[in-house]
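Colleague: Structure of the sequence below:
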Amino acid sequence: MSVDKNAYQRIKSELDEHTVSLVAVSKTKPIDDIRVLYDLGQRDFGENYVQEMTEKAKQLPADIRWHFIGHLQTNKVRLIIPFVQLIHGVDSLRLLKEINKEAGKAGKKIDCLLQVHIADEETKFGFDENELLALDWNEIVSMSNVNVTGLMGMASFSDDLNKVRNEFQNLKKIFEKIQTADLRFTTLSMGMSNDYQIAIEEGSTMVRIGSLLFGQRNQTS
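Modeller: Next comes the predicted model:
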(Lines give C-alpha, C1' and ligand atoms only; values in the text may rest on other atoms or scores of the structure.)
Protein backbone atom coordinates (compact mmCIF):
# COMPACT_ATOMS: atom_id res chain seq x y z
CA MET A 1 0.00 0.00 0.00
CA SER A 2 1.44 3.34 -1.04
CA VAL A 3 -1.07 5.85 0.33
CA ASP A 4 0.65 8.83 1.96
CA LYS A 5 -1.65 9.78 4.82
CA ASN A 6 0.51 12.69 5.90
CA ALA A 7 0.52 14.14 2.38
CA TYR A 8 -3.25 13.81 2.24
CA GLN A 9 -3.75 15.66 5.51
CA ARG A 10 -1.31 18.40 4.47
CA ILE A 11 -2.83 18.90 1.02
CA LYS A 12 -6.41 18.75 2.34
CA SER A 13 -5.61 21.39 4.94
CA GLU A 14 -4.01 23.59 2.28
CA LEU A 15 -7.01 23.25 -0.03
CA ASP A 16 -9.55 23.84 2.74
CA GLU A 17 -7.77 27.11 3.53
CA HIS A 18 -8.45 28.26 -0.05
CA THR A 19 -11.93 26.66 -0.30
CA VAL A 20 -10.75 24.38 -3.09
CA SER A 21 -12.20 20.89 -3.58
CA LEU A 22 -9.97 17.83 -3.85
CA VAL A 23 -10.59 15.01 -6.29
CA ALA A 24 -8.32 12.11 -5.36
CA VAL A 25 -7.29 10.52 -8.66
CA SER A 26 -7.59 6.81 -7.95
CA LYS A 27 -7.20 5.43 -11.50
CA THR A 28 -5.35 2.10 -11.50
CA LYS A 29 -5.24 2.12 -7.68
CA PRO A 30 -6.60 -0.81 -5.66
CA ILE A 31 -9.76 -0.78 -3.58
CA ASP A 32 -7.79 -0.94 -0.33
CA ASP A 33 -5.91 2.28 -1.13
CA ILE A 34 -9.16 4.09 -1.83
CA ARG A 35 -10.55 2.85 1.47
CA VAL A 36 -7.60 4.38 3.33
CA LEU A 37 -8.46 7.86 2.05
CA TYR A 38 -12.17 7.20 2.50
CA ASP A 39 -11.56 6.42 6.17
CA LEU A 40 -9.73 9.75 6.46
CA GLY A 41 -12.83 11.53 5.19
CA GLN A 42 -12.19 11.78 1.45
CA ARG A 43 -15.32 11.33 -0.65
CA ASP A 44 -14.44 12.59 -4.14
CA PHE A 45 -12.48 10.16 -6.31
CA GLY A 46 -11.52 10.46 -9.97
CA GLU A 47 -11.31 7.66 -12.51
CA ASN A 48 -10.17 7.63 -16.16
CA TYR A 49 -11.50 4.29 -17.33
CA VAL A 50 -15.17 3.38 -17.56
CA GLN A 51 -14.93 -0.29 -16.61
CA GLU A 52 -12.59 0.40 -13.72
CA MET A 53 -14.84 3.08 -12.27
CA THR A 54 -17.99 0.99 -12.51
CA GLU A 55 -16.31 -2.01 -10.88
CA LYS A 56 -14.95 0.07 -8.02
CA ALA A 57 -18.26 1.85 -7.48
CA LYS A 58 -19.99 -1.49 -6.95
CA GLN A 59 -17.47 -2.50 -4.25
CA LEU A 60 -17.07 0.73 -2.31
CA PRO A 61 -19.42 2.79 -0.09
CA ALA A 62 -22.38 4.39 -1.81
CA ASP A 63 -21.61 7.89 -0.53
CA ILE A 64 -18.43 8.17 -2.63
CA ARG A 65 -18.76 10.87 -5.30
CA TRP A 66 -17.23 9.47 -8.48
CA HIS A 67 -15.69 11.88 -10.97
CA PHE A 68 -15.02 10.72 -14.51
CA ILE A 69 -11.89 12.62 -15.55
CA GLY A 70 -10.77 10.71 -18.65
CA HIS A 71 -11.72 10.99 -22.30
CA LEU A 72 -15.27 9.67 -22.52
CA GLN A 73 -16.56 7.98 -25.67
CA THR A 74 -20.23 8.45 -26.47
CA ASN A 75 -20.86 4.70 -26.61
CA LYS A 76 -19.65 4.34 -22.99
CA VAL A 77 -21.77 7.10 -21.46
CA ARG A 78 -24.66 4.83 -20.45
CA LEU A 79 -22.29 2.65 -18.40
CA ILE A 80 -21.24 5.40 -16.00
CA ILE A 81 -24.57 7.20 -15.60
CA PRO A 82 -25.65 5.07 -12.59
CA PHE A 83 -22.50 5.95 -10.65
CA VAL A 84 -20.98 9.25 -11.75
CA GLN A 85 -21.29 12.51 -9.82
CA LEU A 86 -19.39 14.83 -12.17
CA ILE A 87 -18.05 14.33 -15.71
CA HIS A 88 -15.00 16.56 -16.16
CA GLY A 89 -14.00 16.04 -19.77
CA VAL A 90 -17.00 16.96 -21.94
CA ASP A 91 -15.16 17.94 -25.11
CA SER A 92 -17.97 18.16 -27.67
CA LEU A 93 -21.62 19.13 -27.94
CA ARG A 94 -22.32 15.66 -29.29
CA LEU A 95 -21.01 14.10 -26.07
CA LEU A 96 -23.03 16.49 -23.91
CA LYS A 97 -26.19 15.58 -25.83
CA GLU A 98 -25.48 11.88 -25.32
CA ILE A 99 -25.02 12.40 -21.58
CA ASN A 100 -28.30 14.31 -21.49
CA LYS A 101 -30.07 11.50 -23.37
CA GLU A 102 -28.73 8.67 -21.19
CA ALA A 103 -29.26 10.61 -17.97
CA GLY A 104 -32.85 11.18 -19.05
CA LYS A 105 -33.38 7.46 -19.52
CA ALA A 106 -32.09 6.92 -15.98
CA GLY A 107 -34.15 9.75 -14.51
CA LYS A 108 -31.04 11.60 -13.39
CA LYS A 109 -29.43 14.99 -13.84
CA ILE A 110 -25.65 14.83 -14.27
CA ASP A 111 -23.22 17.64 -13.49
CA CYS A 112 -20.69 18.25 -16.28
CA LEU A 113 -17.66 20.41 -17.00
CA LEU A 114 -16.69 21.46 -20.49
CA GLN A 115 -13.06 20.68 -21.23
CA VAL A 116 -10.98 23.50 -22.69
CA HIS A 117 -7.78 22.83 -24.60
CA ILE A 118 -5.20 25.20 -23.10
CA ALA A 119 -1.97 23.20 -23.47
CA ASP A 120 0.48 22.81 -26.32
CA GLU A 121 0.18 19.03 -26.46
CA GLU A 122 -2.09 17.97 -29.29
CA THR A 123 -2.98 14.78 -27.42
CA LYS A 124 -5.17 16.74 -25.00
CA PHE A 125 -8.85 17.05 -25.87
CA GLY A 126 -11.21 19.98 -25.50
CA PHE A 127 -12.82 23.05 -26.99
CA ASP A 128 -10.70 26.02 -27.94
CA GLU A 129 -11.87 29.46 -26.84
CA ASN A 130 -13.59 30.34 -30.11
CA GLU A 131 -15.48 27.04 -30.22
CA LEU A 132 -16.63 27.53 -26.66
CA LEU A 133 -17.85 31.07 -27.24
CA ALA A 134 -19.68 29.96 -30.39
CA LEU A 135 -21.76 27.34 -28.59
CA ASP A 136 -25.50 27.85 -28.35
CA TRP A 137 -25.70 28.32 -24.60
CA ASN A 138 -29.46 28.61 -24.64
CA GLU A 139 -29.57 25.09 -26.06
CA ILE A 140 -27.15 23.84 -23.41
CA VAL A 141 -29.04 25.45 -20.54
CA SER A 142 -32.29 23.98 -21.86
CA MET A 143 -31.00 20.39 -21.60
CA SER A 144 -33.02 18.99 -18.74
CA ASN A 145 -30.74 16.14 -17.65
CA VAL A 146 -27.32 17.79 -17.58
CA ASN A 147 -26.08 20.71 -15.57
CA VAL A 148 -22.94 22.39 -16.94
CA THR A 149 -21.36 23.79 -13.78
CA GLY A 150 -18.06 25.05 -15.18
CA LEU A 151 -14.88 24.35 -17.10
CA MET A 152 -11.93 21.98 -16.87
CA GLY A 153 -8.46 22.24 -18.38
CA MET A 154 -5.01 20.69 -18.20
CA ALA A 155 -1.86 22.76 -18.52
CA SER A 156 1.15 21.61 -20.52
CA PHE A 157 3.31 19.05 -18.73
CA SER A 158 6.29 21.36 -18.52
CA ASP A 159 9.05 22.53 -16.19
CA ASP A 160 8.38 26.06 -17.44
CA LEU A 161 6.18 27.27 -14.59
CA ASN A 162 5.51 30.61 -16.27
CA LYS A 163 4.06 28.74 -19.23
CA VAL A 164 1.85 26.67 -16.93
CA ARG A 165 0.74 29.78 -15.07
CA ASN A 166 -0.12 31.57 -18.32
CA GLU A 167 -2.25 28.63 -19.45
CA PHE A 168 -4.16 28.64 -16.17
CA GLN A 169 -4.61 32.40 -16.40
CA ASN A 170 -6.01 31.98 -19.90
CA LEU A 171 -8.52 29.38 -18.73
CA LYS A 172 -9.63 31.63 -15.87
CA LYS A 173 -10.20 34.48 -18.36
CA ILE A 174 -12.33 32.20 -20.55
CA PHE A 175 -14.20 31.03 -17.44
CA GLU A 176 -15.07 34.64 -16.59
CA LYS A 177 -15.78 35.71 -20.18
CA ILE A 178 -18.35 33.03 -20.87
CA GLN A 179 -20.57 33.83 -17.90
CA THR A 180 -23.68 35.98 -18.18
CA ALA A 181 -26.47 37.02 -15.86
CA ASP A 182 -28.28 33.80 -16.78
CA LEU A 183 -25.23 31.53 -16.72
CA ARG A 184 -23.10 31.43 -13.60
CA PHE A 185 -20.42 28.77 -13.32
CA THR A 186 -19.33 27.45 -9.94
CA THR A 187 -16.48 25.07 -10.82
CA LEU A 188 -13.10 25.67 -12.43
CA SER A 189 -11.28 22.34 -12.39
CA MET A 190 -7.57 22.88 -13.05
CA GLY A 191 -4.42 21.71 -11.34
CA MET A 192 -2.87 18.30 -10.74
CA SER A 193 -0.08 16.90 -8.56
CA ASN A 194 2.69 18.79 -10.36
CA ASP A 195 0.98 22.18 -10.67
CA TYR A 196 -1.98 22.41 -8.28
CA GLN A 197 -0.47 25.21 -6.19
CA ILE A 198 -0.12 27.44 -9.25
CA ALA A 199 -3.66 26.52 -10.27
CA ILE A 200 -4.98 27.61 -6.87
CA GLU A 201 -3.16 30.92 -7.17
CA GLU A 202 -4.83 31.44 -10.55
CA GLY A 203 -8.37 30.74 -9.39
CA SER A 204 -8.97 26.99 -9.44
CA THR A 205 -11.89 25.76 -7.35
CA MET A 206 -11.15 22.04 -7.82
CA VAL A 207 -7.89 20.12 -8.22
CA ARG A 208 -7.24 16.56 -9.31
CA ILE A 209 -4.38 14.96 -7.37
CA GLY A 210 -3.17 11.37 -7.71
CA SER A 211 0.54 10.63 -7.40
CA LEU A 212 1.09 12.85 -4.35
CA LEU A 213 -1.53 10.80 -2.51
CA PHE A 214 -1.21 7.31 -3.98
CA GLY A 215 2.34 7.26 -5.34
CA GLN A 216 3.14 6.76 -9.01
CA ARG A 217 0.39 5.17 -11.08
CA ASN A 218 0.33 1.45 -11.64
CA GLN A 219 0.64 0.42 -15.27
CA THR A 220 -2.25 -1.60 -16.57
CA SER A 221 -1.79 -4.31 -19.15
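
Colleague: Please make it C-alpha for all contacts and neighbour counts, starting now.
Modeller: Will do.

Colleague: what's the helix or strand for the residue most central in space within the chain?
Modeller: Residue closest to the average C-alpha location in the chain (Cα atoms, centre = their mean): residue 88, at 3.7 Å. Element membership for residue 88, per DSSP states H and E: strand 84-90.

Colleague: Could you tell me which strands sit next to that strand in the sheet, and their orientation?
Modeller: strand 65-68 (parallel), strand 110-116 (parallel) (DSSP bridges).

Colleague: Tabulate those strands in JSON lines, adding columns for mean neighbour count, mean pLDDT and distance to residue 166.
Modeller: Listed next are the strands paired with strand 84-90 as JSON lines, based on neighbours: other Cα atoms under 10 Å; pLDDT from 0 to 100; distance: least, Cα to Cα, whole Å:
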{"stretch": "strand 65-68", "mean neighbour count": "24", "mean pLDDT": "98", "distance to residue 166": "26"}
{"stretch": "strand 110-116", "mean neighbour count": "23", "mean pLDDT": "96", "distance to residue 166": "14"}
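
Colleague: export those strands to CSV and tack on distance to residue 190?
Modeller: As requested, the strands paired with strand 84-90 are exported to CSV (distance: least, Cα to Cα, whole Å):
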stretch, distance to residue 190
strand 65-68, 14
strand 110-116, 10
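
Colleague: Enumerate the positions of the strand holding residue 88 that are buried.
Modeller: Burial within strand 84-90, assessed by neighbour count using 16 or more other Cα atoms under 10 Å, is assigned to 84-90.

Colleague: And stretch 65-84, by the same measure?
Modeller: So stretch 65-84, judged by 16+ other Cα under 10 Å, has buried residues 65-72, 77, 80-84.

Colleague: same deal with stretch 30-46?
Modeller: 33-34, 37-38, 42-46.

Colleague: go on, stretch 189-199?
Modeller: Buried residues in stretch 189-199, counted by 16+ other Cα under 10 Å: 189-192, 195-199.

Colleague: In strands, which of those appear?
Modeller: residue 189 (DSSP state E).

Colleague: So, low pLDDT: which residues of this protein?
Modeller: Within the chain, the stretches with pLDDT under 70 are 1, 121-124, 181, 216-221.

Colleague: what's the angle from the longest helix belonging to it to strand 110-116?
Modeller: Scanning the chain for the longest helix, with DSSP state H as the assignment, gives helix 161-177. Helix 161-177 runs at 130 degrees relative to strand 110-116, counting by axes from the mean of the first three to the mean of the last three Cα atoms, to 10 degrees.

Colleague: Run through the neighbouring helices and strands of helix 161-177.
Modeller: strand 146-153, helix 196-201 (3 or more Cα pairs under 8 Å, 6 or more residues apart in numbering; DSSP states H and E).
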